[in-house]
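1. heads up, no residue letters with this:
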């Protein structure tokens, strides 16, 4: 390994997080509604992964029971993305990303339930801190309450499938797992389209993207989904989980900066919004640092006893 390779790995990790921060902006650039975006995003991602498996002759067989569970998880992912893009549409990309910043703490609260352990007092404190941040945002950006609530719901669903995938990843190839989850997400969005078109879409379904939409959709499905995931998995082999999680928490920061640069005045919010977002981000960043400190302390104590 070259001496500068760790630096390159960290720069690539930040680039991947920047790509993920760009997804809310792509959702605003694409002209078709949120559900249709998810339908095409998952179709493209499933197609790319399927072709990759055919080219590499990768076996993708899993048991029937596991397959049903993975596809069901894809349903959750699909609904998460529908809410995510919808949140950006009814508010702004910045508001959407502020709500999504709660994902890590939702995960911190759900993991103890999944692993049957008690929630730590520090985790409860950080959860309350997030609520304070959300209260500050609501107080100053009341016009965007719906978008923020949708983003928080999307963040919760993101935490749910993250906890589920934490178990699946120990049993299945991550790319095979992603393939079936993307297929499940595609299936769910496809099944939801007729219901959505009949009851909620006043102008009917918009299933024919414009020429530029196809470019954004390919970037969304190919670059933001397949490429970003595959590179992140590769980087996790050389970078500590602590560094990865800490960097991923910067996604809302990168996304909000990009949104302001691309959309200008439309994305500029009040000082109260940025104060509330800062409170949320501080609480999110504190959590992995505190856990890292506890692990180091525990390891040090074991060495002393030895």
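-> Cool, the structure landed. In this text, all values refer to a predicted model and were calculated from it rather than measured experimentally. Residues are numbered from 1 along each chain as shown.

2. which residues of the stretch 51-200 of the chain fall in helices?
-> Listed in chain order, the helices of the stretch 51-200 of the chain (DSSP state H, counting those that start in this stretch) span residues 64-90, 93-100, 103-114, 121-140, 145-168, 174-199.

3. Who are the packing partners of the fourth one?
-> By that I understand helix 121-140. Using 3 or more Cβ pairs under 8 Å, 6 or more residues apart in numbering; DSSP states H and E as the contact criterion, the elements in contact with helix 121-140 are helix 93-100, helix 103-114, helix 145-168, helix 271-305. Glycine gets a C-beta too; all of them are placed from N, C-alpha and C.

4. And the contacts of it?
-> Contacts to helix 121-140, defined as Cβ atoms under 8 Å, 6 or more residues apart in numbering, come from residues 95, 98-99, 102, 105, 108-109, 112, 145, 148, 152, 269-273, 275-280, 282-284, 286-287, 290.

5. my guess is residue 169 contacts residue 175, does it?
-> No - using Cβ atoms under 8 Å, residue 169 is not in contact with residue 175; the gap is 10.9 Å.

6. Could you check which of these two is surrounded by more residues?
-> Here residue 169 and residue 175 are set side by side on neighbour count (other Cβ atoms under 10 Å), and the busier one is residue 175, at 17 against 12.

7. doesn't residue 50 make contact with that one?
-> No - with contacts defined as Cβ under 8 Å, residue 175 does not count as touching residue 50, sitting 10.8 Å away.

8. and stretch 121-136, what's its mean pLDDT?
-> For stretch 121-136, the per-residue pLDDT values average out at 81.

9. do the same with stretch 194-201
-> The predicted model gives stretch 194-201 an average pLDDT of 76.

10. for residue 101, phi and psi?
-> phi -70, psi -10 (degrees, to the nearest 10).

11. circling back: mind checking the helices and strands packed on helix 121-140 for the one nearest to residue 80?
-> Comparing the helices and strands packed on helix 121-140 by their distance to residue 80 (Cβ to Cβ), the top pick is helix 145-168, with 3.9 Å.

12. the inter-axis angle of that closest one versus helix 174-199?
-> Counting by axes from the mean of the first three to the mean of the last three Cα atoms, to 10 degrees, helix 145-168 points 150 degrees away from the direction of helix 174-199.

13. from the chain's centre, how far out does helix 145-168 sit?
-> Average the C-alpha atoms of helix 145-168, do the same for its chain, and the two points are 8 Å apart (Cα atoms, centre = their mean, to the nearest Å).

14. swap in stretch 204-220?
-> Computed by Cα atoms, centre = their mean, the separation of stretch 204-220 from the middle of its chain amounts to 21 Å.

15. what comes up buried for it?
-> For stretch 204-220, a neighbour-count test (16 or more other Cβ atoms under 10 Å) marks 205-206, 209, 213, 216-217, 219-220 as buried.

16. Among these, name the ones in helices.
-> 213, 216-217 (DSSP state H).

17. which one among those residues gets closest to residue 11?
-> Proximity to residue 11 was ranked across these by Cβ to Cβ; first place goes to residue 216, at 25.1 Å.

18. I'd like to check which residues are in contact with that closest one.
-> By Cβ under 8 Å, 6+ apart, the contact list for residue 216 reads 26, 29-30.

19. got a winner among those residues for most neighbours?
-> Among those, the one with the most neighbours (other Cβ under 10 Å) is residue 30, at 24 neighbours.

20. So what does residue 26 look like in phi/psi?
-> As for residue 26, its main-chain torsions (degrees, to the nearest 10) stand at phi -60, psi -40.

21. Which pLDDT value belongs to it?
-> Among the per-residue scores, residue 26 holds a pLDDT of 93.

22. I'd guessed it sits against residue 220; true?
-> Yes - the pair formed by residue 26 and residue 220 meets the contact definition of Cβ under 8 Å, at 5.1 Å.

23. Near residue 54, how many other residues are there?
-> That count, for residue 54 with other Cβ under 10 Å as the rule, works out to 10.
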